[in-house]
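*Asks:* Need the 3D shape of this:
(2 chains)
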Protein chains: 2
Amino acid sequence: MKYSVKKNAKNVLSQCGVDDKNYLDSVIKTASALLDMDDVEIISHRSPDGDTLGSAAALCRALRSLGRRANVICADQIPEKYQFMFDGLNKQEFDPKHFVSVDIAAPHLMGCLEEKYADKIEICIDHHIKNSVNAAVKFVDEASSSVGELIWILLKSMDVSVDKGMAECIFAAITTDTGCFKYSNVTLRTHIIAMELMKFGIDCAALNFKLIDEETKSKLALKSMALSTLEYYCQDKCAIITITSDMMKESGAAPEDMDGVASIPRSIRGVQCGITMKEDGNAWKISIRSDESVNAAELCAKFGGGGHARAAGCKLNGSYDDAKKSLVKAIEDIIGK
Amino acid sequence: MKYSVKKNAKNVLSQCGVDDKNYLDSVIKTASALLDMDDVEIISHRSPDGDTLGSAAALCRALRSLGRRANVICADQIPEKYQFMFDGLNKQEFDPKHFVSVDIAAPHLMGCLEEKYADKIEICIDHHIKNSVNAAVKFVDEASSSVGELIWILLKSMDVSVDKGMAECIFAAITTDTGCFKYSNVTLRTHIIAMELMKFGIDCAALNFKLIDEETKSKLALKSMALSTLEYYCQDKCAIITITSDMMKESGAAPEDMDGVASIPRSIRGVQCGITMKEDGNAWKISIRSDESVNAAELCAKFGGGGHARAAGCKLNGSYDDAKKSLVKAIEDIIGK
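*Replies:* Numbering: from 1, shown residues only, chains lettered A, B, ... in the order given. Reported below is the predicted structural model:
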């Protein structure tokens, strides 16, 4: 068994253009550990997205195809658009003996499952830069666009006979985390795996529509309201949209509907710093997206927040006008009035 | 020379998974004809998009890299977001002797260049189902996502030493016509070529942002106005947005800014028939996008229009209210009130 895992892992890594002994060892170790398991619980992160769910569902389908019992569990409800991943994957009854986490960077991201599972994880499969999950076997590749890519490598190494259902889940994982092959996390390998997945006859266009383009009525209503608040500062190099609690209520938007909205101001040509101000009780939650002329993390740090150079956040107390004035002033200091 | 074209064409087609003698012949014929040319004018279609311009610019760069004189010409102005394709590609002075059309399905799509060039085209490279361009050599592959893919195949067959500039243009052509690998025209080959292009170190994420996500201030203003008109019919299975001439004027939107807007209503979850009504003098131009439950072409045919099953258009005279009433009535007949 081990020999064939090694051979399979070598094959898939060679096809993916990975030539790294340590990487190979890591894949062999993880795939072998998975093959040694039965009665497995696969844990997705809270506020689940397409990568954590698609990866978990694909792995669950793979283990079941090998005759093992396996379930996917998640602290939060599975959004409707990801439900298809679980078609025909009814919950199995068994006493879980083994535990695998997918796309979980830190124990608290298990949500309400943290207390029960944090100390039980045996295999951790992830692609976040800082991973603090405690597990005997860790397969963490921060250069991977998504955990979906890693699941493909593992399934091939485990000699799973990948089927259309698994391929759909892995494709969904990859397309979600790459914005449909749009972001800078896409590598040669991402396209190679996408190509392999297409061979299973999956309807990529339909999946992409469902996962990327389709919007709920309430999300579109929220977007419409948010767009009507659009303001420009710093000679149009800074744009701000505002989302009040009333808008959230009136539109019926769910918290996850905020995702696409926060990226709007920065997507305007010429805007170097895009800001979304969202009412949060008596304070304002600020999301900043920027180009290379503005360090969003440093900007947010001035207000006690943080994040990445191109995407960061902070929280401002006080009135809307005061909060906006402070922000605009700080940005003027960087890119000029 | 011919022998090496044949060998190169075989190699690139094999890599792309194409095993078809006629296809190979077509590639050899086209690549050989291109290699026989000097003083070449490459013609893009009117209202140019990323595929026609990216393909033309890549071919122009390739011919120049082989020591030939070549220019790209187009009836209309090149939109700002495609200008990068022409960096360092200044117009050369020569008497054009040979003429190549790219992504042009019919002579009238040359716009104001039709009269001068329609009878001169020697090589026609295209991917539209019905191609009526008159040319001695036609390389038309309707299964290709974009002309960009065909240019890649040709350049490799011509043994061009592809550089980063050419790779950027071809990637731009492909990403434009596939909506960044999102539509049903994406094939295995699309991902294979994308992967090859990435090897040139192009910044795909930046290109995708510029070509797909970035919006002009005026487009976003138009979108905001259009969204505020959103109405639902047929128990939310039909959604309509309206764009008046006043909105076009007030937002300062260009005609091409309509593209993304027309797809909004259909992108709403549960909407089977999305309609955009655009004021056009005393009439209303109607764009319909649908799912499989509504044949948009048949629907539009009832009003003297036509198109595809999932995307079609027509024109309605008379008042806004009357036009909308007729449309909604026709849709109710299909999907119910």
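*Asks:* What lies in contact with the lowest-mean-pLDDT helix or strand in chain A?
*Replies:* Least confident helix or strand, chain A: helix A:258-262 with a mean of 82, by mean pLDDT, DSSP states H and E. Residues outside helix A:258-262 that contact it (C-beta atoms under 8 Å, 6 or more residues apart in numbering or on different chains): A:215, A:219, A:222-223, A:226, A:241, A:243, A:276, A:278, A:287, A:289. Using the backbone N, CA and C atoms, a C-beta is placed for each residue, glycine as well.
*Asks:* just those residues that are near chain B?
*Replies:* Among the contacts of helix A:258-262, the ones lying near chain B by C-beta under 8 Å from any C-beta of the partner chain are A:215, A:223.
*Asks:* Touching, A:L109 and A:R46? I think so.
*Replies:* Yes: using C-beta atoms under 8 Å, A:L109 is in contact with A:R46, at 5.9 Å.
*Asks:* Which one's more surrounded, these two?
*Replies:* Ranked by neighbour count (other C-beta atoms under 10 Å in any protein chain shown), A:L109 and A:R46 place A:L109 first, with 22 against 16.
*Asks:* Next, the more buried one: secondary structure please.
*Replies:* Assigned by DSSP: H, G, I helix; E, B strand; the rest coil, the conformation of A:L109 is helix.
*Asks:* Ok, A:S132 next?
*Replies:* Classified using three-state DSSP, A:S132 is coil.
*Asks:* What of A:E279?
*Replies:* Looking at A:E279 with three-state DSSP, the answer is strand.
*Asks:* wait, isn't it in contact with A:A226?
*Replies:* No: the criterion here is C-beta under 8 Å, and A:E279 misses it with A:A226 at 11.8 Å.
*Asks:* okay, and the common contacts of the two?
*Replies:* Listed contacts common to A:E279 and A:A226 are A:242-243; contacts here mean C-beta under 8 Å, 6+ apart.
*Asks:* who has more neighbours, these two?
*Replies:* A:A226 (25 against 17).
*Asks:* Can you report phi and psi for the more buried one?
*Replies:* Main-chain torsions, A:A226, degrees, to the nearest 10: phi -60, psi -40.
*Asks:* quick revisit: what residues of the least confident helix or strand of chain A count as buried?
*Replies:* The neighbour-count check on helix A:258-262 (16 or more other C-beta atoms under 10 Å in any protein chain shown) flags A:258, A:261-262 as buried.
*Asks:* Repeat that for stretch A:150-163.
*Replies:* A:150-160, A:162.
*Asks:* With secondary structure, distance to chain B and pLDDT added, can I get those residues in TSV?
*Replies:* What follows is the buried residues of stretch A:150-163, written out as TSV (DSSP: H, G, I helix; E, B strand; the rest coil; distance: C-beta to the nearest C-beta, whole Å; pLDDT from 0 to 100):
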residue	secondary structure	distance to chain B	pLDDT
A:L150	helix	18	98
A:I151	helix	18	98
A:W152	helix	14	98
A:I153	helix	16	98
A:L154	helix	21	98
A:L155	helix	19	98
A:K156	helix	17	98
A:S157	helix	21	98
A:M158	coil	24	98
A:D159	coil	23	97
A:V160	coil	21	98
A:V162	coil	16	98
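*Asks:* circling back: which of the contacts of helix A:258-262 fall in helices?
*Replies:* Judged by DSSP state H, the subset of these located in helices is A:219, A:222-223, A:226.
*Asks:* Out of those, which is nearest to B:I335?
*Replies:* A:K219 (22.6 Å; C-beta to C-beta).
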